[in-house]
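Q: when you get a sec, could you give me coordinates for this:
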Amino acid sequence: MKKIDTYLIKKVKSIKNNLILIGCSDDVIEEVNKCNNIKVCYVLNNLSKVSGKYEEKGKLKRINLKKFKRKFKKNKNTLIVNYDDISIYYKRFIPISVYITKDIIYLYCNHEDEKFVSIVNKYRRYKVDIEEIKLSDGVLYKLDCCNKRINFITSKMYIFKDTLENIFDLVGDYLIN
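A: Have a look, this model is predicted:
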């Protein structure tokens, strides 16, 4: 078992509210099923060992990514997120994850990536406390959203700013090549 999975399993045992898992391994999901403290757990995974899909049994429920913000309106949620699953949608995911979470976001990556560090730094815009935990098989960031500050207009401006940065990077890469 990986070190990140063992760390997450240890943290799952202490969670006492709603949990949202995005891209977690089967070991973590099995531990969530065993845990009695968690009220409801939502899983946003595509694959399973057995059938290719997770079955809706017990605490586990599946939800569509498009209905993500509407479903979890500012509840006391805890998120455990794999960077590889949200890397495409990070511009929209960062403000939504800060909006729906009043507790902690665990964001992890199994490999070193400079884009991952820049995404974590974008959480600083919302006054989120960030703690970095280096493990042998990757990096895990603990983002504490208790004292967050989020505003609709500023989050839209950040999305626009990120889009402009991506456009300028693409133009610069094109001109260099």
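
Q: C-alpha only now, for contacts and for neighbours.
A: Noted.

Q: got a list of what the most centrally placed residue in the chain touches?
A: Geometric centre of the chain, nearest residue: Val81, 3.0 Å, by CA atoms, centre = their mean. Going by CA atoms under 8 Å, 6 or more residues apart in numbering, Val81 touches Leu21, Ile22, Gly23, Cys24, Ile105, Tyr106, Leu107, Tyr108.

Q: part of a helix, is Asp85?
A: Yes: applying DSSP: H, G, I helix; E, B strand; the rest coil, one finds Asp85 inside a helix.

Q: contacts for the longest helix that the chain contains?
A: Identified as the longest helix of the chain according to DSSP state H is helix 152-176. Applying CA under 8 Å, 6+ apart, the external contacts of helix 152-176 come out as Lys91, Arg92, Pro95.

Q: how about the host helix or strand of the residue nearest to the centre of the chain as CSV, C-alpha atoms only?
A: Using DSSP states H and E, Val81 sits within strand 77-82. Only the C-alpha atoms of strand 77-82 are listed here, as CSV (Å, rounded to 0.1, in the frame of the first residue of the first chain):
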residue,chain,number,x,y,z
ASN,A,77,-17.7,18.9,3.8
THR,A,78,-14.2,17.4,3.7
LEU,A,79,-12.7,16.8,0.3
ILE,A,80,-10.0,14.2,-0.6
VAL,A,81,-8.8,15.0,-4.2
ASN,A,82,-6.3,13.4,-6.5
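
Q: low-confidence ranges in this structure?
A: Along the chain, the model assigns pLDDT under 70 to residues 1, 45-67, 74.

Q: go again with 50.
A: 47-57 (pLDDT under 50).

Q: okay, Phe116 and Ile88: tell me how far apart.
A: When distance is defined by CA to CA, to the nearest Å, Phe116 is 11 Å away from Ile88.

Q: higher neighbour count, these two?
A: Phe116 (19 against 10; other CA atoms under 10 Å).

Q: any idea how far the more buried one is from Asp84?
A: For Phe116, the distance to Asp84 - CA to CA - is 9 Å.

Q: show me where this protein has its strands.
A: In the chain, strands defined by DSSP state E lie at 18-22, 41-44, 60-62, 77-82, 104-109, 129-135, 138-144, listed in chain order.

Q: can I get those in CSV including distance to Asn166?
A: Output for the strands of the chain, formatted as CSV (distance: least, CA to CA, whole Å):
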stretch, distance to Asn166
strand 18-22, 25
strand 41-44, 27
strand 60-62, 32
strand 77-82, 22
strand 104-109, 22
strand 129-135, 24
strand 138-144, 24
